[in-house]
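*Asks:* Pasting the sequence and the predicted coordinates here, then a few questions.
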Amino acid sequence: MAPNILERVANPAYFQSKVSNAAAYYKPLLRSGSVKPLWHLMAFTSVVMYTTNFICLKGGKVKHAREEKKVALDEYYKNHGITSHH
């Protein structure tokens, strides 16, 4: 299945068909003044923005902070004779 997907994505006709399908869908909506294209654009922008933000900026920092807290809590429990399992 993977070679078929790669062949399809590598073919420019695949993207041209996607663009023409999108244009056929959104053109009447834009001409009629529908708010649906705006909502779709806003949703797409939000998904891309939050995904990029997490992957590029926050993902590593959050992982590092969680590991640091785990080490600190384990050390605290060891020093105070507390078990981490309640």
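*Replies:* Arrived safely. Numbering: from 1, shown residues only.
*Asks:* now P28: how far from S34?
*Replies:* Using Cβ to Cβ, to the nearest Å, we find P28 at a distance of 8 Å from S34. In short, each C-beta sits where N, CA and C put it, glycine included.
*Asks:* quick one, which of these two is more surrounded?
*Replies:* Taking neighbours as other Cβ atoms under 10 Å, P28 and S34 compare with S34 leading, 12 against 9.
*Asks:* Next, the more buried one: secondary structure please.
*Replies:* Classification of S34 using DSSP: H, G, I helix; E, B strand; the rest coil returns coil.
*Asks:* Tell me, what's the model's pLDDT at it?
*Replies:* Listed pLDDT for S34 reads 95.
*Asks:* Pull the contacting residues for it.
*Replies:* Going by Cβ atoms under 8 Å, 6 or more residues apart in numbering, S34 touches no other residue.
*Asks:* mind starting the numbering at 39 from now?
*Replies:* Yep, numbering from 39; the last one is S72 now.
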